[in-house]
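K.L.:
no sequence for this one, just the structure:
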């Protein structure tokens, strides 16, 4: 705290408390206007809001962290959206189920327990990160980054028959496909989709990130950026993929401008502005609408809390079968005929739903695998992982290795929303690409040097 002649500046903690209380009051007033009248539910919502908002705005020296993003997800998906859906008495799921007042109260009590466990274990610091020597950026060849990025870009363009329109707009309607002479591709297998969309398409992105972390020249970074933006343009990606690729890029490019609490405020606004905007391209017919309405909270896009509630209400437990499917996602169904489908898909089909491409929140994955014990185990593991990774990144700031942290940071909202099988496969796929790029571009790689000497 600094005391001047006539001015007293708020400390970081006091500022965090003030912002949190302000947002809590706004949340409470907004939910009352949306039809929530139950005093107990409002009290639980207010308490949970205070915990998550303080987690989001505390420690402004860390402008971003896994901890802040987890709290952001919980606040939007499990508090705001849940409150609006309760007030409107709506069902945003794709199967018939009736939620009563007890279901909503039970969910907020469970959420309070989850928040207490998560915050307690996160701040205990059970695992101390080891000292890691910063790897020299001089061992990375910028020319190799450009070559790899160029080759990957050509492969990606060839995959789309060199039609840039299809790269920049996903989910084209049939009329748009015909208008731009785009061939309708046959549906590919999960294995080939993983290879292309999660690995090959990630190479230009990985090359740019490594170039940024490796302090490549501005000229070479400009070329790498152009190649990256061609292959992973936000409107050409699913929203979860857009977040995974572009959150790390925003951090690398604008970390100085988005310092303090600016970054988390930007993310909060993005969930109500950028994400709804990208929704235009899920079924793109040429029309673009800018949606700024909070009605987005009462839609299938924010079904996470009701999915969680439905999993508990229907007592859907698979005793670890869904977890096996996520861990061994890379095994094709042709070799594993009984391979589990995504947890959201499983819940919907079990209840005769009409649309199966839905999410399954990470904590709900705990329940669908092992019941209530699974929830608390998943929360505990998640809290310890976030604590370890956040400390490792912010205390060490390892240059090239910090790319892995940025990958997880970009994926954390996707992981939290689920399902686990899809988010885990995507995160592993991009991490493999990043590791492969580091190996290929390392000028001191012994295997590459032996190959170069052999062909001389």
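P.N.:
Everything's here; your move. The model shown is predicted, which means the values in this text are computed figures rather than measured ones.
K.L.:
please name the residues that touch residue 42.
P.N.:
Residues near residue 42 by CB atoms under 8 Å, 6 or more residues apart in numbering: 28, 31, 32, 36. C-beta: built from backbone N, CA, C; applies to glycine.
K.L.:
those strands in the stretch 351-456 of the chain, which residues are they?
P.N.:
Assigned by DSSP state E, counting those that start in this stretch, the stretch 351-456 of the chain shows no strands.
K.L.:
what pLDDT does residue 15 get?
P.N.:
If you check residue 15, the pLDDT there is 77.
K.L.:
got it, and residue 67?
P.N.:
Looking at residue 67, its pLDDT reads 95.
K.L.:
then residue 124?
P.N.:
As summarised for this prediction, residue 124 has a pLDDT of 84.
K.L.:
how near is it to residue 250?
P.N.:
Going from residue 124 to residue 250 by CB to CB, to the nearest Å gives 31 Å.
K.L.:
those two - which one has more neighbours?
P.N.:
Neighbours were counted for residue 124 and for residue 250 using other CB atoms under 10 Å; residue 250 has more, 17 against 11.
K.L.:
you'd agree the more buried one is up against residue 257?
P.N.:
No. Assessed by CB atoms under 8 Å, residue 250 is found out of contact with residue 257, at 9.7 Å.
K.L.:
residues in contact with residue 224?
P.N.:
Taking CB under 8 Å, 6+ apart as the contact definition, residue 224 lies against 145, 146, 149, 204, 207, 208, 211, 216.
K.L.:
which among these gets closest to residue 84?
P.N.:
residue 208 (38.2 Å; CB to CB).
K.L.:
burial of that closest one, as a residue count?
P.N.:
28.
K.L.:
that one touches residue 226, doesn't it?
P.N.:
No. In this structure residue 208 lies outside contact range of residue 226 using CB under 8 Å: 9.4 Å.
K.L.:
helices along the stretch 201-350 of the chain, start to end?
P.N.:
For the stretch 201-350 of the chain, applying DSSP state H, counting those that start in this stretch gives helices covering 203-213, 218-231, 239-254, 262-270, 274-278, 304-313, 321-327, 343-350.
K.L.:
among these, which is the most enclosed?
P.N.:
Counting by mean count of other CB atoms under 10 Å, helix 203-213 has the highest mean neighbour count of the helices of the stretch 201-350 of the chain, with a mean of 26.
K.L.:
can you name the residues in contact with that helix?
P.N.:
With CB under 8 Å, 6+ apart as the test, helix 203-213 has contacts from 137, 140, 142, 145-146, 148-149, 151-153, 156, 220-221, 224-225, 227-228, 230-232, 245, 248-249, 252-253, 399-400, 402-403, 406, 430, 433-434, 436-438, 441.
K.L.:
which stretches of the protein have low pLDDT?
P.N.:
In the predicted model, the chain carries pLDDT under 70 at residues 1-12, 125-138, 170-195, 277-293, 397-398, 444-456.
K.L.:
biggest helix in it, by residue count?
P.N.:
Ranked by residue count and defined by DSSP state H, the top helix of the chain is helix 362-396.
K.L.:
how big is the angle separating it from helix 304-313?
P.N.:
Computed by axes from the mean of the first three to the mean of the last three CA atoms, to 10 degrees, the angle separating helix 362-396 from helix 304-313 equals 130 degrees.
K.L.:
tally of neighbours for residue 106?
P.N.:
Counted with other CB under 10 Å, residues neighbouring residue 106 total 15.
K.L.:
got it, and residue 45?
P.N.:
If you count neighbours by other CB under 10 Å, residue 45 ends up with 26.
K.L.:
now the one 10 residues further on
P.N.:
Number of residues near residue 55 (other CB under 10 Å) recorded here: 25.
K.L.:
please state the offset of the helix or strand encompassing it from the chain centre?
P.N.:
Take DSSP states H and E as the rule and residue 55 turns out to sit in helix 39-57. Here the centre of helix 39-57 is set off from its chain's centre by 22 Å, with CA atoms, centre = their mean, to the nearest Å.
K.L.:
now do the contacts for the closest residue to residue 406 other than its chain neighbours.
P.N.:
Excluding its sequence neighbours, the residue lying closest to residue 406 (CB to CB, 6 or more residues apart in numbering) is residue 248, at 3.7 Å. The neighbours of residue 248, taking CB under 8 Å, 6+ apart as the test, are 209, 403, 406, 407, 409, 410.
K.L.:
report the two of those separated the most.
P.N.:
Longest span within those, CB to CB: 209 and 409, 11.9 Å.
K.L.:
I figured residue 247 was touching residue 409, is that so?
P.N.:
Yes. At 6.3 Å, residue 247 counts as touching residue 409 under the criterion of CB under 8 Å.
K.L.:
and residue 434, how many residues sit next to it?
P.N.:
Residue 434 has 22 neighbours, counted by other CB under 10 Å.
K.L.:
is it true that it touches residue 406?
P.N.:
No. At 9.2 Å, residue 434 does not count as touching residue 406 under the criterion of CB under 8 Å.
K.L.:
residue 120: what's it in contact with?
P.N.:
residue 383.
K.L.:
how near is residue 272 to residue 72?
P.N.:
In this view, residue 272 and residue 72 are 12 Å apart by CB to CB.
K.L.:
residues near the closest residue in space to residue 299 that isn't next to it in sequence, how many?
P.N.:
Closest residue to residue 299 apart from its sequence neighbours, by CB to CB, 6+ apart: residue 92 at 5.9 Å. Per other CB under 10 Å, the neighbour tally for residue 92 reads 20.
K.L.:
name the element residue 95 belongs to?
P.N.:
Assessed by DSSP H and E, residue 95 sits outside every helix and strand.
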